[in-house]
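Participant: Compute the structure for the input listed below.
(one chain, ligands or ions: 2)
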Amino acid sequence: MKGCGVCGSSVEPVIFFGRMPLANGFLRQEDFSTEYFYDLTFGFCSNCRMAQLIENVPLEKMFHAEYPFFSSTSSGMTQHFRRLAHEVAHRWLQAPNAFVVEVGSNDGALLRNIAPLGIRHLGVEPSGNVAKAASSNGVETTCRFFDPVAARDIVATYGQADVVLATNCFCHIQDLHSLAEALEIVLKPVGVLIFEDPYLGDLIGNVAYDQIYDEHSYYFSILSVDHWLTQHGFETVDVRPQTVHGGSMRYVVGRVGTCERSRSVDTQKERELNFGLQRFETYLDFRSKIHFSREKLLRLLQRLKNEGRRVVGYAATSKSTTVLNYCEISTELIEFISDTTPIKQWKYSPGMHIPVRPPTEFESPYPDYALLFAWNHAEEITNKELHFNEAGGRWIRYVPRVEIVGEGGDK
Ligand code: TMP
Ligand code: ZN
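Facilitator: Ligands and ions are numbered 1, 2, ... in the order given. Next up is the predicted model:
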């Protein structure tokens with residue numbers, strides 16, 4: 001059994017999803033024969049309560065110069081980042097020479113709101129193409145992984161940071177102790193760290209098992225985050241639930257004793273204990289629900305196929321890779337996947353090799369059903385696609401339950 005990435009104890013496997021390709025490994029036909037696969041197993045450490053992957057994929061296979069995920073593609077996320085940036089700038093970056101570092105700054109979706117305020121900032125981003133996009137958006141960016149060596153270089157050039165930000169990033173970092181050491185180096189003695197990631201309580205509560213894939217090495221809760229960070233002299237002083245990415249948690253962290261501690265931390269811990277995030281049985285129940293969800297989705301898609309309906313996937317998200325491969329959904333059941341990201345279009349989805357097409361193909365003509373892989377952007381998408389509904393099209397969702405929207409479940 002694999003040792004826990006935080007405490008070294010053994011990690012209990014909860015569910016094995018099978019051999020899995022890279023979630024963002026969109027590929028061309030000529031690359032099918034060399035496609036990379038790994039064992040996708042979600043596990044839980046009963047000792048420190050960290051939920052995590054049992055096998056990790058080498059970092060350079062996931063984060064490179066053709067990384068296809070651009071944070072700015074969703075207008076909902078763009079708004080979310082704007083609000084976060086203004087809140088942070090207003091509350092923590094008012095000193096004349098204030099300095100903020102963002103870890104995993106992607107295309108600058110967050111920092112581009114801070115750069116025009118004239119605040120000293122630096123984005124740290126290992127994927128070359130998205131880092132370049134950030135630079136051309138006026139965001140100062142260094143293209144590298146964030147580790148103690150990078151942290152020392154940053155301090156040598158810019159000095160220590162008042163604030164470190166990270167959104168949807170820490171859960172990607174496999175060596176959490178190296179990360180914490182880098183944070184110890186880069187952050188001022190009274191600096192604050194603000195990070196947010198998909199939240200384990202929502203993942204389990206909504207049976208959102210498609211959030212489990214190679215890039216997400218860890219699935220955080222306040223119980224596990226606190227255990228990890230206190231080993232490095234940090235403490236969580238505030239937690240704030242967020243709706244983005246199907247339920248995320250924002251953690252505000254400082255060095256022990258340097259920040260006022262909100263009651264939200266203990267309240268959230270209580271909630272987690274009541275929900276059972278510390279008990280292995282909760283994870284076994286999650287596993288049963290995942291099995292059930294798979295059966296229900298397959299039954300629904302098979303029925304629609306038997307009825308001669310056209311079903312198209314909507315948004316080639318990283319999450320869709322887990323669902324498609326775990327449920328073994330092929331072009332028999334889904335014609336193609338429509339996606340707005342140019343770098344994904346005219347390629348094939350990882351593993352199941354479903355064609356990815358631009359949205360123009362979605363409209364000509366509209367299919368009978370669209371399977372919504374970007375369920376986290378449901379509101380934005382359904383508002384945008386009113387013509388699809390007017391043409392008689394229906395949405396299929398599978399989180400939090402498998403259903404044709406408006407019909408209330410599979411019959
Ligand atoms: P995410 O769910 O991991 O944020 O991935 C978003 C993906 O969904 C990205 O490939 C772009 C795609 N997408 C669309 O195709 N249409 C849309 O309207 C939205 C919001 C996203
Ligand atoms: Zn552990």
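
Participant: per-residue confidence at the most centrally placed residue in the chain?
Facilitator: Closest residue to the average C-alpha location of the chain: N168 at 5.2 Å, with C-alpha atoms, centre = their mean. Predicted confidence (pLDDT) for N168: 95.

Participant: Quick check: it touching G104?
Facilitator: Yes. If you go by C-beta atoms under 8 Å, N168 and G104 touch, sitting 7.3 Å apart. Backbone N, C-alpha and C define where each C-beta goes, glycine included.

Participant: related to what we said a few turns ago, find me whatever residue is spatially closest to the residue nearest to the centre of the chain, sequence neighbours aside.
Facilitator: If the residues on either side of it in the chain are set aside, N168 comes closest to D197, at 6.0 Å by C-beta to C-beta, 6 or more residues apart in numbering.

Participant: check contacts around the one you found.
Facilitator: By C-beta atoms under 8 Å, 6 or more residues apart in numbering, D197 lies in contact with 167-171, 218, 220, 248-249.

Participant: Taking the stretch 201-350 of the chain, what residue is nearest to ligand 1?
Facilitator: Closest to ligand 1 within the stretch 201-350 of the chain is A315: 3.4 Å, counting by C-beta to the nearest ligand atom.

Participant: Ramachandran coordinates for that residue?
Facilitator: phi 80, psi 110 (degrees, to the nearest 10).

Participant: tell me the contacts of it?
Facilitator: 337-340, 372-374, 377, 381.

Participant: Could you rerun that using 10 Å?
Facilitator: Shown in contact with A315 (C-beta atoms under 10 Å, 6 or more residues apart in numbering): 73-74, 337-341, 344, 356, 359, 370-377, 381.

Participant: Would you check that the residue nearest to the centre of the chain makes contact with F220?
Facilitator: No. Using C-beta atoms under 10 Å, N168 is not in contact with F220; the gap is 11.2 Å.

Participant: Now for those two: what residues contact both?
Facilitator: The contact lists of N168 and F220 share 195-198, 248, where a contact means C-beta under 10 Å, 6+ apart.

Participant: can you tell me which two in those are farthest apart?
Facilitator: Using C-beta to C-beta, those span at most 11.7 Å, a distance reached by F195 and P198.

Participant: Which neighbours do those two have in common?
Facilitator: Joint contacts of F195 and P198 (C-beta under 10 Å, 6+ apart) are 168, 171, 220, 249.

Participant: quick one: the last one from D238, how far?
Facilitator: Between M249 and D238 the distance, using C-beta to C-beta, to the nearest Å, works out to 11 Å.

Participant: These two: who's more crowded?
Facilitator: M249 (22 against 19; other C-beta atoms under 10 Å).

Participant: partners of the closest residue to that one other than its chain neighbours in the sheet?
Facilitator: Leaving out its chain neighbours, the residue that sits closest to M249 by C-beta to C-beta, 6+ apart is Y199, at 4.1 Å. Taking DSSP bridges as the rule, Y199 bridges to F220.

Participant: distance of Y199 from ligand 1?
Facilitator: For Y199, the distance to ligand 1 equals 15 Å [C-beta to the nearest ligand atom, to the nearest Å].

Participant: Return the residues in contact with that residue.
Facilitator: Per C-beta under 10 Å, 6+ apart, neighbours of Y199: 205, 208, 211, 219-222, 239, 241-242, 245-251, 268, 272.

Participant: Please work out which helix or strand belonging to the protein has the smallest mean pLDDT.
Facilitator: helix 59-62 (a mean of 89; mean pLDDT, DSSP states H and E).

Participant: sorry, back to before: drop anything exposed from the contacts of A315.
Facilitator: Buried by 16 or more other C-beta atoms under 10 Å: 73-74, 337-339, 341, 344, 356, 370-377, 381, out of the contacts of A315.

Participant: Among the residues you listed, which lie within helices?
Facilitator: For the buried ones among the contacts of A315, the ones inside helices are I381, with DSSP state H as the criterion.

Participant: Specify the next element, helix or strand, located C-terminal of the longest helix belonging to the chain.
Facilitator: Ordering each helix of the chain by length in residues (DSSP H) puts helix 280-306 first. Counting by DSSP states H and E, the next helix or strand C-terminal to helix 280-306 is strand 311-314.

Participant: Just give me how far that following strand sits from the chain centre.
Facilitator: Here the centre of strand 311-314 is set off from its chain's centre by 22 Å, with C-alpha atoms, centre = their mean, to the nearest Å.

Participant: And the helix or strand following that strand, what does it pack against?
Facilitator: Heading C-terminal from strand 311-314, the first helix or strand you meet, by DSSP H and E, is helix 318-326. Here helix 318-326 touches strand 12-21, strand 37-44, helix 280-306, strand 311-314, strand 369-372, going by 3 or more C-beta pairs under 10 Å, 6 or more residues apart in numbering; DSSP states H and E.

Participant: buried set for stretch 293-305?
Facilitator: Neighbour-count burial for stretch 293-305, with 16+ other C-beta under 10 Å as criterion, is recorded at 293-294, 296-297, 300-301, 304.

Participant: And the contacts of D197, which two are furthest apart?
Facilitator: Across the contacts of D197 (C-beta to C-beta), the longest gap, 14.7 Å, separates T167 and Y218.

Participant: Which one of the two is surrounded by more residues?
Facilitator: T167 (26 against 22).

Participant: residues touching the residue nearest to G76 when sequence neighbours are not counted, list them.
Facilitator: Spatial nearest neighbour of G76, excluding adjacent residues (C-beta to C-beta, 6+ apart): E380 at 4.8 Å. E380 sits next to 74-77, 79, 374 when contact means C-beta under 10 Å, 6+ apart.
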